[in-house]
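S.K.: quick one, structure for this:
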Amino acid sequence: MELIDQTAADYASRHSSPLDYLLAEIERKTLTVHPHAHILSGHVQGKLLEMISCMLQPLRILEIGTFTGFSSLCLVKGLTQDGLLHTIEIREEDANTAEKYFEQAGEKKRIRLHRGNALEIIPELEEVWDLVFIDADKVNYINYYELTLPYVKRGGWILADNVLFHGKVLKENITGRNATAIHAFNEHIIKDGRVHQVMLTVRDGLLLIQKR
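M.R.: Below you'll find the model as predicted:
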């Protein structure tokens, strides 16, 4: 299901600030050669992530799901000069690609790339998070949320991507493992008194969650 009219999406992209050269190159290369290119945040959502990060000026960011490094390099733009972004990627090839781009961007000192299973890595990170971005396997969204929320500072933020999951969560009878998991996650959040939230219909849905 196409949630966003392509003409409207193109219009939004034309009326958003352009990506810098490297981000534009990552977007172009990923869309051209990667078999899972649809995962990429893309121009408009990338600029939104960048602006949110710049508004918050976080000291510590956690990203769950690095992919090719596009969203990491958007988020790091708002990081404080002495800040650190931890990003976790389970696929070795994508991690290698992202690492190359982090080096090209001159951000290897402020981005710490972890390779492996996020469920195992997150408990080992002794940090208090200002901002968390969840964009990994959908069946573990609730697990990622519950692992990170206790370590998000009061007033801090969790952003969850793909919360509309190609429109499949809008159907009366939701089928499919991922769509069912995303719907369960959305219901989990709306019932959680520890946070308040707003769902944006950007790209495939972005849920902004703030810890009370």
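
S.K.: neighbouring strands for the lengthiest strand in the chain, and are they parallel or not?
M.R.: When the chain is parsed with DSSP state E, its longest strand is strand 152-161. Sheet pairing for strand 152-161, assigned by DSSP bridges, gives strand 129-134 (parallel), strand 206-211 (antiparallel).

S.K.: and the helices in the chain?
M.R.: 6-14, 21-33, 42-56, 70-75, 92-104, 118-121, 141-148, 177-190 (DSSP state H).

S.K.: hmm, back to that, so which of the strands paired with strand 152-161 is nearest Arg112?
M.R.: Checking the strands paired with strand 152-161 against Arg112 by CB to CB gives strand 129-134 as the closest, at 13.3 Å. Yep, even glycine has a C-beta here, placed from its N, CA and C like the rest.

S.K.: follow-up on the earlier one: out of the helices of the chain, which one sits most buried?
M.R.: Ranked by mean neighbour count, the helices of the chain are led by helix 70-75 with a mean of 27 (mean count of other CB atoms under 10 Å).

S.K.: average pLDDT for that helix?
M.R.: Averaged over helix 70-75, pLDDT sits at 98.

S.K.: tally of neighbours for the residue nearest to Leu3 when sequence neighbours are not counted?
M.R.: Distances taken as CB to CB, 6 or more residues apart in numbering put Gly167 closest to Leu3, at 5.1 Å, once the chain neighbours are dropped. Applying other CB atoms under 10 Å, we find 14 residues neighbouring Gly167.
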